[in-house]
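take this sequence and fold it.
(one chain, ligands or ions: 1)
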Amino acid sequence: MSEHSISAVSAVQALKWSDRGLEVLDQRLLPGDMVYQTFDTAQGVAEAIASMRVRGAPAIGIAAAYGVVLGARAAYARDPAHWKRAIEDDFAVLARSRPTAVNLFWALDRMREAMAAIEGDPVPALLAIARRIHEDDLAANLAMGELGADILAGCKGVLTHCNTGALATGGYGTALGVIRSTWRRGALERVYATETRPWSQGARLTVWELGQDRIPATLLADSAAAWLMKSGAVHWVVVGADRIAANGDVANKIGTYSLAVLARHHGVKLMVVAPTSTVDWATAAGGDIVVEERDPRELLHPVFLGSDSVIDAWNPVFDVTPAALIDAIVTEAGVVANPSPHTMAALRGKAR
Ligand SMILES: CSC[C@H]1O[C@H](OP(=O)(O)O)[C@H](O)[C@@H]1O
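Predicted coordinates for the structure are as follows:
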């Protein structure tokens, strides 16, 4: 799939490669301002990830891949004979940018594998790999869209959490891609989007993407989800993932575990949509997943303008949902119903 087809499929692109470097849509400014910032170093891309200018598990991996290209370009220009040693610092700074989304580490591994065989100028070959990671993610999203729509077809209402659309991926989206595909079939009545505090990915990004596609959606406070499910308006909760353990446990945006418990209580089904680059076979279970905790000021500052030594905030930005609360995991390689170590194993041979 070419760069052009990426823009053809997705109304918005989180990342664009140019001769100047990696153009990153600053998602902190959406939906009010659409501003692309160009980064021409691996350090700069790492900062763009850490600051959440670019966010979303697959998009983070794609950005890291382009970051390796930028690092290789600079290292080779400085010292063509020793660039492979010099670039190790760039791998390290990219790997430190955010801990939970395994796609970051999956992409760095793909770039490292490609690097080993390169002689001479590394940029053309590494850029081709980064572009392939980008385009394969979009293709995976389109495939998952169809697989998920086959399950949701005829659904009255779905609830989605955080942002899993074109902004979080190589284009189109994971959970939001399934919603797009189901809507396009005329097989979905309504989308409900939680605001997703504290970063408001739902309120600022998901409803903006759905509006761009003219898909009717209702925004709700995270705390209103239980009351909505009790009303019977929701048949499925559809979410993304940042890391899926080998037993099917899922790390995703904070609040997902709450939604999973509420869904089970109300007879609502839970679907997780993620490419196989999100499955971490080296992590046996969800308890082994590192959950990122961000600066407490992301919670405190907007409301608690003072400063008081006895007041702090706890700001985990992911949680882990046990496989037992998940009805289906949709990947581009197939659907895992009732995830467990046994059912997940069937996926292993098919992963990218
Ligand atoms: C396409 S999955 C995106 C995934 O990433 C989000 O986290 P963040 O916005 O902090 O990068 C959230 O967990 C989504 O489900």
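
alongside the ligand, which residues does the stretch 201-350 of the chain contribute?
For the stretch 201-350 of the chain, the residues in contact with the ligand (C-beta under 6 Å from any ligand atom) are 201, 239-240, 242, 252-253, 317. The way it works is simple: take the backbone N, C-alpha and C, and place the C-beta from them, glycine included.

narrow these to those in strands?
Secondary structure from DSSP state E places 239, 252-253 of these in strands.

for the residue of the chain most remote from its centre, phi and psi?
When distances are taken from the C-alpha mean of the chain, A81 lies farthest, 36.4 Å away, according to C-alpha atoms, centre = their mean. Main-chain torsions, A81, degrees, to the nearest 10: phi -80, psi -20.

got a list of what it touches?
Applying C-beta atoms under 8 Å, 6 or more residues apart in numbering to A81 gives no contacts.

please apply the same query to L270.
236-237, 239, 259-260, 263-264, 321, 325-328.

can you redo the residues you listed as JSON lines, where the extra columns are secondary structure and pLDDT?
Below are the contacts of L270 laid out as JSON lines (DSSP: H, G, I helix; E, B strand; the rest coil; pLDDT from 0 to 100):
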{"residue": "W236", "secondary structure": "strand", "pLDDT": "98"}
{"residue": "V237", "secondary structure": "strand", "pLDDT": "98"}
{"residue": "V239", "secondary structure": "strand", "pLDDT": "99"}
{"residue": "L259", "secondary structure": "helix", "pLDDT": "99"}
{"residue": "A260", "secondary structure": "helix", "pLDDT": "99"}
{"residue": "A263", "secondary structure": "helix", "pLDDT": "98"}
{"residue": "R264", "secondary structure": "helix", "pLDDT": "98"}
{"residue": "T321", "secondary structure": "strand", "pLDDT": "98"}
{"residue": "L325", "secondary structure": "helix", "pLDDT": "98"}
{"residue": "I326", "secondary structure": "coil", "pLDDT": "98"}
{"residue": "D327", "secondary structure": "coil", "pLDDT": "98"}
{"residue": "A328", "secondary structure": "strand", "pLDDT": "98"}
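
so which of those is the closest to the ligand?
The closest of these to the ligand turns out to be V239 (C-beta to the nearest ligand atom; 5.9 Å).

so that closest one sits right up against Y257, yeah?
No: the criterion here is C-beta atoms under 8 Å, and V239 misses it with Y257 at 10.5 Å.

compare those two (neighbour count), which wins?
A count of neighbours by other C-beta atoms under 10 Å puts V239 above the other of V239 and Y257, at 28 against 19.

quick one, what contacts the more buried one?
Contacts of V239 by C-beta under 8 Å, 6+ apart are 160-162, 164, 175, 252-253, 256, 259, 270-273.

can you check M344 too?
Applying C-beta under 8 Å, 6+ apart to M344 gives the contacts 246-248, 279, 323, 329, 336.

at 10 Å what do you get?
Residues in contact with M344 (C-beta atoms under 10 Å, 6 or more residues apart in numbering) are 244-249, 279, 281, 323, 329, 336.

nearest residue to A59 other than its sequence neighbours?
What sits nearest to A59 in space, not counting adjacent residues and going by C-beta to C-beta, 6 or more residues apart in numbering, is A14, at 4.9 Å.

roughly how far does the one you found sit from H342?
Distance of A14 to H342, given as C-beta to C-beta, to the nearest Å: 36 Å.

same check, this time on K350
Distance, K350 to H342, by C-beta to C-beta: 15 Å.

repeat for D222
From D222 across to H342, the span is 33 Å (C-beta to C-beta).

quick one on the thing from earlier: now, the most widely separated pair of the residues of the stretch 201-350 of the chain next to the ligand?
The span of those, defined through C-beta to C-beta, is set by V239 and V317 at 14.3 Å.

low pLDDT regions in the stretch 201-350 of the chain?
For the stretch 201-350 of the chain, the stretches flagged by pLDDT under 70 are 302-303, 305.

what residue in it comes nearest to the ligand?
G240 (2.9 Å).

wasn't W208 part of a strand?
No: checked against DSSP: H, G, I helix; E, B strand; the rest coil, W208 lies outside a strand; its state is helix.

how many other residues sit next to the closest residue to it other than its chain neighbours?
Leaving out its chain neighbours, the residue that sits closest to W208 by C-beta to C-beta, 6+ apart is P31, at 4.0 Å. For P31, the neighbour count with other C-beta under 10 Å is 14.
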